[in-house]
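[1] Starting from these lines, generate the structure:
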Amino acid sequence: MTAERHLRHLHAMSADPARFDLFEQLKVHERPMTTAELARLVPTARRGIQAHLGALADGEWIERVEGEGRSAVWQAPQVAIEWAEEDGSDPAVARALEDLYWIALQRRINRIRRFDAERQTGEWPEEWVAATIGRDYSLWLTADDLHELDAALVELFEGFRARSVARRVAEGTDPPPGVELVFVTSSAFPLSHD
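    Okay, the predicted model is just below:
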């Protein structure tokens, strides 16, 4: 992939936080959705939704399946954009990657803060509050151990993802009753020896 294509891909997502939300809706629902449906699910994108969706499509994050305007149908392709290790050697691409990383990290932090505020104001039933997970571990690991841990977590998460897809198919609704979209995040990195 050329540096120009990488930059188009990265800038399409990093230009506005609402684009993350639009892309996420297409990924988590795993089905094509109309512009109007996406506007309903992502209110922050309503004002410029045509431009947002066009930019995401130009950046190859999503694709238009059919139609025009608010009745256009969009989907997130199942094929990932291929990146090679040397792709980050271009300074502009490296900067754009770093920008997107920090935007994604801030997005995670904002989601945690929002849920905590909603929890404190009683917006979530006790059963959901009791089910939430908040754990930190400090482990002595090798780099190989960390790779193994990542592979095990991916396998575990993919098992739950397959369960959620099977449940949606069996129930025939999106989402099925009693099901909420749950944000799961994991990070693991070495700590400096200060």
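[2] Output the below-cut-off pLDDT ranges for this protein.
    Residues of the chain that meet the criterion pLDDT under 70 lie in 1, 78-88, 194.
[3] Could you break it into its assigned domains?
    Segmentation of the chain into domains, based on automatic domain parsing, reads 3-132, 133-194.
[4] Out of the ones you listed, which is the most enclosed?
    Of all the domains of the chain, domain 3-132 has the most neighbours on average by mean count of other CB atoms under 10 Å, namely a mean of 15. For glycine as for every other residue, the C-beta is placed from the backbone atoms N, C-alpha and C.
[5] centre of the chain versus stretch 105-119, how much separation?
    14 Å (CA atoms, centre = their mean, to the nearest Å).
[6] which SS state does D145 fall under?
    The assignment at D145 comes out as helix when based on DSSP: H, G, I helix; E, B strand; the rest coil.
[7] now swap in P175 and tell me
    coil.
[8] check contacts around it.
    168, 181 (CB atoms under 8 Å, 6 or more residues apart in numbering).
[9] I'd like the distance from the residue nearest the centre of the chain to E180, if you could.
    Residue closest to the average C-alpha location in the chain (CA atoms, centre = their mean): E24, at 4.8 Å. Taking CB to CB, to the nearest Å as the measure, E24 falls 14 Å from E180.
[10] Kindly report the same for E118.
    If you go by CB to CB, the gap between E118 and E180 works out to 12 Å.
[11] Do a quick rundown of the helices in the protein.
    3-14, 17-29, 35-41, 49-58, 91-120, 126-131, 143-171 (DSSP state H).
[12] any chance of these in JSON lines, plus distance to R64?
    Listed next are the helices of the chain as JSON lines, based on distance: least, CB to CB, whole Å:
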{"stretch": "helix 3-14", "distance to R64": "14"}
{"stretch": "helix 17-29", "distance to R64": "11"}
{"stretch": "helix 35-41", "distance to R64": "9"}
{"stretch": "helix 49-58", "distance to R64": "6"}
{"stretch": "helix 91-120", "distance to R64": "23"}
{"stretch": "helix 126-131", "distance to R64": "36"}
{"stretch": "helix 143-171", "distance to R64": "24"}
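[13] Looking at the ones you listed, which is nearest to R70?
    helix 35-41 (4.5 Å; CB to CB).
[14] what's the spacing between that closest one and its chain's center?
    On CA atoms, centre = their mean, the centre of helix 35-41 falls 17 Å from that of its chain.
[15] Check which helices and strands that helix sits against.
    helix 17-29, helix 49-58 (3 or more CB pairs under 8 Å, 6 or more residues apart in numbering; DSSP states H and E).
[16] Distance to A94 for those helices - can I get that in a markdown table?
    Converted to a markdown table, the helices and strands packed on helix 35-41 look like this (distance: least, CB to CB, whole Å):
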| stretch | distance to A94 |
| --- | --- |
| helix 17-29 | 21 |
| helix 49-58 | 21 |
